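Peer 1: Here is the input, now give the coordinates:
(chains A and B)
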Protein chains: 2
Amino acid sequence: MIGKLYCLGVGPGDPELLTLKAVRILECVPCICVPKGKEEGSSLALSIVRKALNLDNKEIIEAYFPMRKTKAEFRGQKGQKGQKAEAEILHSKFRILNFWDETVENILSRLNNGMDVAFITIGDPAIYSTFFYLYDRLLELAPDLNIEIIPGVSSITAAASRAKMALALADERIAILPANYINSLEETLELFDTVVLMKVHNVFDSILKILDSKQLLDRAVYISRAGMNDERIFKNIRDVQKKDLNYFSMVVIKK
Amino acid sequence: MIGKLYCLGVGPGDPELLTLKAVRILECVPCICVPKGKEEGSSLALSIVRKALNLDNKEIIEAYFPMRKTKAEFRGQKGQKGQKAEAEILHSKFRILNFWDETVENILSRLNNGMDVAFITIGDPAIYSTFFYLYDRLLELAPDLNIEIIPGVSSITAAASRAKMALALADERIAILPANYINSLEETLELFDTVVLMKVHNVFDSILKILDSKQLLDRAVYISRAGMNDERIFKNIRDVQKKDLNYFSMVVIKK
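Peer 2: This is a model prediction of the structure:
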């Protein structure tokens, strides 16, 4: 018997936002695979699950997924342009593929031994999770993979709940975009009723300028680490200071 | 002691997609308020909760929320234009306010008697739930309202999980729009990596035409009633027939 792979969204941070289904599956599986990111040196998804469940008798596979940088980020960080940035990206992609192959092998060997494996991801698997990179690679090597993806509470809707605001009512339109699309922000603000900007920490001042020019400062809310212990919500975005900026941050603009 | 009001997202349909927090609160509160929509004549949110919990000793307040029609819908349905449509909308808004006032009074009287009340909503409260209309009215009458909003699994991410697809990776952009924005679909498809069209049942043929003209038919997935017992997923959108169209339907286009 070949094991089954689950990909589980564990929600934004509060262990009580795990679903009944996620808890049931995590209680049953003998092996949990966790992405290990930069954030606080260890897996945030794992720390959420540890608060809800005893994991003593489970095997934990820690998978290091370096975040893939975008061309804009490479350029921004190192002042590089054109070919050099391209070369860095290719090199970085190659390194990432190697890390993934190790994780893919780890998962497939457990499945082939009949073990079920749960890959856990913060928030929801469909929203900016690294899982789908891994999934493509898994399918290449194991096209008959038995897999089930379990949705979770996304940090986006969790942030809206914490700020007590609707993202959309009736026939309103929502745009969700990483904050590095700062150049298209004005156009997006024209077209949409609600704009959610993700990971705003590096471009926060530019966002403020654009919102000010469009007289939308009063329509914007800043939320960092929604649903975590150290969550911060600023209904007045002008009050946000440098120390309040964070990787897990977003700005929601509602016209 | 004044009671506390909870607004809970109960997820898209599968009772196992309730969060631990939603279950804990629903077990404690003596009174549950449920929106009663057109869909199958009774509350879908309540039927989800009933599958997970025994509600025998709880008071259930059923609140009828007629959906507020948009100007476009009024015009479309009745061939009305301009002033007549405006008048119909005003009349409809007035009727809706009356229904809401009844619900607001029902909720406030329980809270004033020291009872906690949970208002339940399908999916997540921030995504197209009627709760926020009610919330505005509640705040007018009870500005010191003690309220907590608990996010839930949205039908949008649940649909993506069921279709085993990411909505966004890395620095991709997502647009979520009700399908009656058919006129701006082409423009939105240009700007965004992923477009989620909600409630596509009435304009499905027009969507197909636009996707065909942009050679995106192969990049579109149709999902109806995600996470419910009678869920349908069409990875080939050409296979969708009239009988498969449904109020709880969406098309996800990933370029």
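
Peer 1: What are the boundaries of the helices in the stretch 101-250 of chain A?
Peer 2: A:131-141, A:155-162, A:185-191, A:204-213 (DSSP state H, counting those that start in this stretch).

Peer 1: For the longest one, which outside residues touch it?
Peer 2: Counting by Cβ atoms under 8 Å, 6 or more residues apart in numbering or on different chains, the neighbours of helix A:131-141 from elsewhere in the structure are A:5, A:7, A:35, A:63, A:65, A:68, A:96-97, A:100-101, A:103-104, A:107-108, A:119, A:121, A:125, A:145, A:147, B:164-166, B:169. For the C-beta atoms, the positions are set from N, CA and C on the backbone; glycine is no exception.

Peer 1: rewinding a little: tell me which of the helices of the stretch 101-250 of chain A lies nearest to A:Ser249.
Peer 2: helix A:204-213 (8.2 Å; Cβ to Cβ).

Peer 1: show me where pLDDT drops low in the stretch 1-150 of chain A?
Peer 2: Scanning the stretch 1-150 of chain A for pLDDT under 70 picks out A:37-42, A:65-99.

Peer 1: Briefly note if stretch A:146-154 comes near chain B.
Peer 2: Yes: if you take Cβ under 8 Å from any Cβ of the partner chain as the test, stretch A:146-154 does meet chain B, through A:147, A:149-154.

Peer 1: Endpoint to endpoint, that stretch covers what distance?
Peer 2: 25 Å (Cα to Cα, to the nearest Å).

Peer 1: What residues of that stretch count as buried?
Peer 2: With burial defined by 16 or more other Cβ atoms under 10 Å in any protein chain shown, the residues of stretch A:146-154 counted as buried are A:147, A:149-154.

Peer 1: now do stretch A:159-177
Peer 2: In stretch A:159-177, counting by 16+ other Cβ under 10 Å, buried: A:159-169, A:171-177.

Peer 1: residues from the stretch 1-150 of chain A in reach of chain B?
Peer 2: A:9, A:11-12, A:14-21, A:23-24, A:52, A:68, A:70, A:72, A:124-129, A:131-133, A:135, A:147, A:149-150.

Peer 1: again, 7 Å this time
Peer 2: A:16-21, A:23-24, A:68, A:70, A:124-128, A:132, A:149-150 (Cβ under 7 Å from any Cβ of the partner chain).

Peer 1: now do the stretch 151-255 of chain A
Peer 2: Within the stretch 151-255 of chain A, the positions lying close to chain B (Cβ under 7 Å from any Cβ) are A:151-154, A:157-158, A:160-161, A:164, A:166-171, A:173-178, A:180-181, A:184, A:191.

Peer 1: any idea how chain A splits into domains?
Peer 2: Under automatic domain parsing, the residue ranges defining each domain of chain A are A:5-150, A:155-254.

Peer 1: Next, format those as JSON lines and append distance to B:Leu46.
Peer 2: Listed next are the domains of chain A as JSON lines, based on distance: least, Cβ to Cβ, whole Å:
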{"stretch": "domain A:5-150", "distance to B:Leu46": "17"}
{"stretch": "domain A:155-254", "distance to B:Leu46": "20"}
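
Peer 1: quick one: which of the ones you listed is nearest B:Tyr222?
Peer 2: Evaluated over these, closeness to B:Tyr222 peaks at domain A:5-150, with 16.3 Å, by Cβ to Cβ.

Peer 1: next one: the closest one to chain centre, how far?
Peer 2: Relative to its chain's centre, domain A:5-150 lies at 10 Å (Cα atoms, centre = their mean, to the nearest Å).

Peer 1: How about stretch A:201-212?
Peer 2: Using Cα atoms, centre = their mean, the offset of stretch A:201-212 from its chain centre is 21 Å.

Peer 1: Now do the contacts for A:Val200.
Peer 2: Shown in contact with A:Val200 (Cβ atoms under 7 Å, 6 or more residues apart in numbering or on different chains): A:179, A:207, A:249-251.

Peer 1: Just give the closest residue to it, not the sequence neighbours.
Peer 2: Using Cβ to Cβ, 6 or more residues apart in numbering or on different chains and skipping residues adjacent in sequence, the residue nearest A:Val200 is A:Ala179, 4.2 Å away.

Peer 1: For that neighbour, list the residues it contacts.
Peer 2: A:197-200, A:203, A:207.

Peer 1: Lowest pLDDT pick from these?
Peer 2: Of all those, A:Lys199 carries the smallest pLDDT score, 89.

Peer 1: My read is that A:Cys7 contacts A:Gly152, right?
Peer 2: No: using Cβ atoms under 7 Å, A:Cys7 is not in contact with A:Gly152; the gap is 9.8 Å.

Peer 1: Neighbours of the closest residue to A:Ala175 other than its chain neighbours, how many?
Peer 2: The shortest distance from A:Ala175 to any non-neighbouring residue, by Cβ to Cβ, 6+ apart, is to A:Phe192 (4.2 Å). Neighbours of A:Phe192 under the rule other Cβ atoms under 10 Å in any protein chain shown: 25.

Peer 1: what do you get for A:Glu105?
Peer 2: Around A:Glu105 there are 11 residues (other Cβ under 10 Å).

Peer 1: Kindly report the same for A:Leu191.
Peer 2: 18.

Peer 1: got a list of contacts for the helix or strand encompassing A:Leu46?
Peer 2: Per DSSP states H and E, A:Leu46 falls inside helix A:44-52. With contact meaning Cβ under 7 Å, 6+ apart, helix A:44-52 is reached by A:10-11, A:13, A:15, A:18, A:23, A:26, A:34-35, A:55, A:120-122.

Peer 1: Which of these fall within strands?
Peer 2: Under the assignment DSSP state E, the contacts of helix A:44-52 contribute A:34-35, A:120-121 to strands.

Peer 1: A:Ile60 should be in a helix, yeah?
Peer 2: No: using DSSP: H, G, I helix; E, B strand; the rest coil, the secondary structure at A:Ile60 is strand, not a helix.

Peer 1: Not counting sequence-adjacent ones, nearest residue to it?
Peer 2: Nearest to A:Ile60 is A:Ile32, by Cβ to Cβ, 6+ apart, at 5.4 Å.

Peer 1: Equivalent analysis for A:His201, please.
Peer 2: Residue nearest to A:His201 in three dimensions, not counting chain neighbours: A:Leu245, with 4.1 Å by Cβ to Cβ, 6+ apart.

Peer 1: now A:Ile174
Peer 2: Nearest residue to A:Ile174 in three dimensions, chain neighbours excluded: B:Ile176, at 4.2 Å (Cβ to Cβ, 6+ apart).

Peer 1: With A:Asp193 instead?
Peer 2: Per Cβ to Cβ, 6+ apart, closest to A:Asp193 is A:Glu172, 3.8 Å.

Peer 1: Over to the one you found: give its phi and psi.
Peer 2: Per-residue torsions, A:Glu172: phi -80, psi 160 (degrees, to the nearest 10).
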